[in-house]
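K.L.:
Sequence and predicted structure are below.
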Amino acid sequence: ETGVTQSPTHLIKTRGQQVTLRCSSQSGHNTVSWYQQALGQGPQFIFQYYREEENGRGNFPPRFSGLQFPNYSSELNVNALELDDSALYLCASSGTSNEQFFGPGTRLTVL
Amino acid sequence: AQTVTQSQPEMSVQEAETVTLSCTYDTSENNYYLFWYKQPPSRQMILVIRQEAYKQQNATENRFSVNFQKAAKSFSLKISDSQLGDTAMYFCAFMKLPGGGSTLGRLYFGRGTQLTVWP
């Protein structure tokens, strides 16, 4: 059973650009959640996808959007990047239990 | 809204000793889960232990145990026989029972406690 994977590992962008982060959920998991972890902070919930539909959203602006594909992998898209978007982005997948399995994260730096 | 507070930004302990990390939370929910996650320098978030609010018995996983006080909204983590590999950031997290068709709810995290285990 493969774990949760994320790509890329690191990413550097400039203000105003757009970015797409990817997450492959663990085999058999149909739910993916995305979190933003700023330096020195705990992760903050961005949104969750369940069976390709958004199933809850945190306090993030609409320029944060996502997708979930039929194979339950997911993308996080951020438009019009701002300096404060610099953070570690974590995705977590889950199946029938309430345990979330986290990926290793994508470190995004916005210059 | 749910909030999770970890009042100890940093803790240190000598190898083989016992250390307790504190966590308090605020919620109006009656049914929920509480978790402790470990995040080593590799950044991988790893589940250490979880507690269902409806269970009075404190959860235990090998060297890790919790002291869950529901009325006080307190959820501390005790690490016994500390090992060098326990060095990491530890996050306390809250999850209310999810809605919709998903079995998964959103996690609310504290700001973390950096634990250092010294030889």
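P.N.:
Yes, it's here.
K.L.:
Where does pLDDT dip in the chain?
P.N.:
Let's take chain A. The model of chain A has pLDDT under 70 over residues A:1-2.
K.L.:
sorry, should have said chain B
P.N.:
By pLDDT under 70, the weakly predicted segments of chain B are B:98-104.
K.L.:
Please name the residues that touch A:Glu75.
P.N.:
By C-beta atoms under 8 Å, 6 or more residues apart in numbering or on different chains, the residues touching A:Glu75 are A:Thr20, A:Leu21, A:Arg22, A:Cys23, A:Gly66, A:Leu67, A:Phe69. The C-beta positions use only the backbone N, C-alpha and C, and glycine is treated the same way.
K.L.:
quick check, nearest of these to A:Ala87?
P.N.:
A:Leu21 (10.9 Å; C-beta to C-beta).
K.L.:
Please report the distance of the residue in chain A that chain B sits nearest to from B:Leu97.
P.N.:
For chain A, the residue closest to chain B is A:Gly42, as judged by C-beta to the nearest C-beta, at 3.3 Å. With distances taken as C-beta to C-beta, to the nearest Å, A:Gly42 is found 21 Å from B:Leu97.
K.L.:
Which one's more surrounded, the two?
P.N.:
Neighbour count, other C-beta atoms under 10 Å in any protein chain shown: between A:Gly42 and B:Leu97, A:Gly42 has more, with 21 against 15.
K.L.:
Without its sequence neighbours, what residue ends up closest to that one?
P.N.:
Here the nearest residue to A:Gly42 in space, its sequence neighbours aside, is B:Phe109; by C-beta to C-beta, 6 or more residues apart in numbering or on different chains that works out to 3.3 Å.
K.L.:
most centrally placed residue in the chain?
P.N.:
As the question left the chain open, I've gone with chain A. Taking C-alpha atoms, centre = their mean, the centroid of chain A lies closest to A:Trp34, which sits 3.5 Å from it.
K.L.:
could you do chain B instead?
P.N.:
For chain B, the residue nearest the mean C-alpha position is B:Trp36 (2.5 Å; C-alpha atoms, centre = their mean).
K.L.:
Can you list the helices and strands that the helix or strand harbouring B:Lys78 packs against?
P.N.:
Here B:Lys78 is covered by strand B:74-79, with elements defined by DSSP states H and E. Applying 3 or more C-beta pairs under 8 Å, 6 or more residues apart in numbering or on different chains; DSSP states H and E, one finds that strand B:74-79 contacts strand B:19-21, strand B:24-26, strand B:32-39, strand B:46-52, strand B:64-69, strand B:88-96.
K.L.:
Kindly export the longest one (C-alpha atoms) in PDB.
P.N.:
Think strand B:88-96. Extracted C-alpha coordinates of strand B:88-96, given in PDB (Å, rounded to 0.1, in the frame of the first residue of the first chain):
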ATOM      1  CA  ALA B  88      10.100  16.700  16.900                       C
ATOM      2  CA  MET B  89       7.400  19.400  16.900                       C
ATOM      3  CA  TYR B  90       4.200  18.000  18.500                       C
ATOM      4  CA  PHE B  91       0.800  19.200  17.600                       C
ATOM      5  CA  CYS B  92      -2.400  18.800  19.400                       C
ATOM      6  CA  ALA B  93      -5.500  18.600  17.100                       C
ATOM      7  CA  PHE B  94      -9.200  18.600  17.500                       C
ATOM      8  CA  MET B  95     -11.800  17.100  15.100                       C
ATOM      9  CA  LYS B  96     -15.500  17.300  15.500                       C
END
